[in-house]
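> Just need the structure, nothing else, for what follows:
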Amino acid sequence: MGSLAAAAAPFRVLIAGGAYAGLSAALNLQDLCRNLPPRCGPKPVEGETQPQVNRPLFNADITIVDERDGFYHLIGTPLGLASDAYASKCWVKYDEIPALQSPNIRVLQGSMKSVDLARKVATYLPHGAAASDAASELQYDYFVAATGLRRVWPVVPQSLKRKQYLFEMGDYARETTAGKHGVVVVGGGAVGIEMAAELKMVQPQIKVTLVHSRDKLLSSESLPDEAKDCSLGLVKEAGVEVLMNHRLDKTEEVTDEQGQKSIKVHFTNGHSILADQVSMAVSRSVPTSGYLPAEVLDEEGYVKIKSSLAFPESSPNAADHFAAGDMAKWSGIKRCGGAMHMGYFAANNIHQRVLQKAAGTEAKFLELGEIPPMIGLAVGKKAMSYWPEGGVNSGEDVAKSFFGDDLGFTICWTHLGLGADKTA
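Now for the predicted structure:
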C-alpha cells in the first residue's frame with residue numbers, strides 16, 4: 001500500500017448537484033481514495049473475486065451543493081404523483097443517507113451562482129439567503145457539474161425541502177380524485193406515458209386520458225416505430241384512453257351540467273373534452289448551467305465535454321473540470337443509469353489526475369463512447385425496453401428487471417450504495 005495520501009493534505013472536490021450523477025461521482029471517488037472497488041464500476045463475473053488493486057490512499061474533502069435538502073428519485077415522479085406513500089419514499093434527506101455521513105463529505109443546500117475556472121473558485125447562494133451579497137465562495141481542486149436539467153411542474157416537484165414536497169405531491173394526488181371528469185395528461189413522451197399509466201394503476205376508478213399531438217408516442221426520441229407502437233399498446237392495455245394527433249389549443253374553466261367546476265380542453269382540430277385536471281408533460285427541459293462560463297456551453301446551454309467528461313481544452317484548467325449527467329452534451333437518451341455511469345467515469349478520471357500529480361504516473365482515463373438510443377419505459381404493471389442489441393421487449397418481467405417493485409428506487413439506492421458507508 002502506498003504511503004502518499006495518508007499524511008498528505010486532502011484535495012478538494014466540489015460537486016454541483018446531488019442527484020444520480022453527483023452522488024455517483026462523490027461516492028465512487030470516495031471508494032477509489034480508500035483503495036476500494038468503485039461501487040458503480042465493473043462487477044466481477046459470478047464465481048470470481050474482485051481483483052485487488054494496490055493503490056495509494058488519498059484524503060479527499062468532498063463538498064456537494066444542491067438546491068434540495070435531499071436526494072430525490074426523479075424517475076419515480078409519475079408514481080409519486082399518484083401515491084402519497086410512494087412519494088414519501090422518493091425523497092430522502094441528505095443527513096439521513098448513511099453513505100453521506102463520512103466526515104470528509106458535506107452537503108450544502110443552495111444554488112450555484114458562478115464558477116471561475118482559472119481561479120478554481122465557485123460561489124453559491126445558501127438556501128434561504130435573500131440577496132446576492134450572501135453568496136459564499138468555495139475553493140476547489142476538482143469540479144464536477146451535475147445539476148441536470150430544469151424541469152417544470154408536474155414533471156418534477158418544485159419544492160426544495162422534503163416537508164413542502166410532501167404537501168405539493170399530496171395536493172396533486174387529492175385534486176386528481178376530487179372530480180368525475182378525470183385527468184388529461186398532455187404529451188406522449190416518456191414522462192406523459194408514465195404519468196398517465198401510473199395514475200391509472202394506482203387510481204383505477206379515475207378516467208385518465210393521454211393526449212399527443214403526433215401520430216406516434218415517443219415521437220421526439222430516435223427509437224424504432226416498433227418501440228413506439230409497443231408503448232401505445234401498453235398504455236391502452238393499462239386502461240388509459242389515448243387521443244393521437246390532438247394538439248392542445250386552450251383550456252378554460254367551465255361549469256358542467258351538474259353545476260360543478262371543471263376544465264374544458266380545446267384542441268386545434270375542433271374537438272373538446274371535459275376534465276377535472278390537466279397535467280402538462282410537454283415543456284422543454286433546460287440545462288441548469290447558467291453558473292458556468294459561456295465558453296464551455298453550446299447554444300442550448302449543455303456543457304461541452306470530451307470523452308473523458310472533461311471540459312473543452314480551450315477553457316482554463318480544463319483537465320480538472322468535468323460534467324456528468326443530463327446537462328452534459330453527449331449522445332443518447334437522458335437516463336438515470338447513464339447519469340450514474342458518467343458520475344463513475346468522472347470519479348475515476350479525477351482519481352487518475354490525483355495519481356498523476358502525486359506520483360507522476362500516466363493517467364488512465366475512462367472514455368465515454370457514443371451512446372445509442374435506448375430506453376426503459378414503465379407503463380403501469382408492465383414496461384417496454386429497447387436497445388439496439390436486444391430489440392424491443394415488453395411485459396411484467398421487463399418491468400421487474402428494469403424497475404423492480406418501486407419504479408427503480410431500490411435499484412438506484414443499491415447501485416449507489418446509499419444505505420451504508422462502504423468500508424470493503
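> now the helices for the protein?
4-7, 20-33, 77-80, 84-90, 162-176, 190-202, 225-237, 336-359, 396-403, 409-415 (DSSP state H).
> Least reliable of those by average pLDDT, please.
Considering those one by one, the lowest average pLDDT is found for helix 4-7, at a mean of 48.
> Would you agree Q277 is in contact with V184?
Yes: contact criterion CB atoms under 8 Å: Q277 and V184 qualify, at 7.3 Å. Where C-beta positions appear, they are placed from N, C-alpha and C, glycine not excepted.
> okay, the two: which has more neighbours?
With neighbours defined as other CB atoms under 10 Å, Q277 and V184 compare such that V184 has more, 26 against 20.
> Name the residues linked to that one by a beta bridge.
The partner list for V184 in beta bridges (DSSP bridges) reads T209, V278.
> Correct me if wrong: it contacts M280.
No: the criterion here is CB under 8 Å, and V184 misses it with M280 at 9.6 Å.
> Contact partners for N245?
Residues counted as contacts of N245 (CB atoms under 8 Å, 6 or more residues apart in numbering) are 212-215, 269.
> what does A134 give?
Residues counted as contacts of A134 (CB under 8 Å, 6+ apart) are 125-126.
> coming back round to it: among the helices of the chain, which is nearest R119?
Between R119 and those, the tightest spacing by CB to CB is seen for helix 336-359, at 18.1 Å.
> same for that closest one, what does it pack against?
Applying 3 or more CB pairs under 8 Å, 6 or more residues apart in numbering; DSSP states H and E, one finds that helix 336-359 makes contact with helix 4-7, helix 20-33, strand 142-145, strand 321-323, helix 409-415.
> returning to what we had before: now the buried members of the contacts of N245.
If you count burial by 16 or more other CB atoms under 10 Å, the buried members of the contacts of N245 come out as 212-213.
> between the contacts of N245, which is nearest A363?
Distance from A363 was checked for each of the contacts of N245 by CB to CB. The minimum falls on R214, at 46.2 Å.
> which neighbours do Q277 and V184 share?
Counting by CB under 8 Å, 6+ apart, the common neighbours of Q277 and V184 are I263.
> what residues are up against L29?
With CB under 8 Å, 6+ apart, L29 has these contacts: 13, 60, 62, 347, 350-351.
> Of those residues, which is the most crowded?
If you rank the contacts of L29 by neighbour count (other CB under 10 Å), A347 sits at the top with 34 neighbours.
> Test my guess that that residue contacts S24.
Yes: checked against CB under 8 Å, the pair A347 and S24 is within contact range at 7.1 Å.
> on that earlier part again, in TSV, list the contacts of N245 along with pLDDT and distance to S231.
Formatted as TSV, the contacts of N245 follow (pLDDT from 0 to 100; distance: CB to CB, whole Å):
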residue	pLDDT	distance to S231
H212	98	11
S213	97	16
R214	97	13
D215	97	13
N269	97	23
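> Adding distance to D66, write the contacts of N245 out as CSV.
Putting these into CSV (distance: CB to CB, whole Å) gives the following:
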residue, distance to D66
H212, 33
S213, 34
R214, 35
D215, 40
N269, 43
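> right, and out of the contacts of N245, which lies closest to Y172?
Compare each of the contacts of N245 with Y172 using CB to CB and the shortest gap goes to H212, at 21.3 Å.
> separation between that closest one and L218?
9 Å (CB to CB, to the nearest Å).
> Now stretch 309-325: average pLDDT?
When the per-residue pLDDT values of stretch 309-325 are averaged, the result is 98.
> to the chain's geometric centre, what's the distance from it?
Put simply, stretch 309-325 sits 21 Å off its chain's centre (CA atoms, centre = their mean, to the nearest Å).
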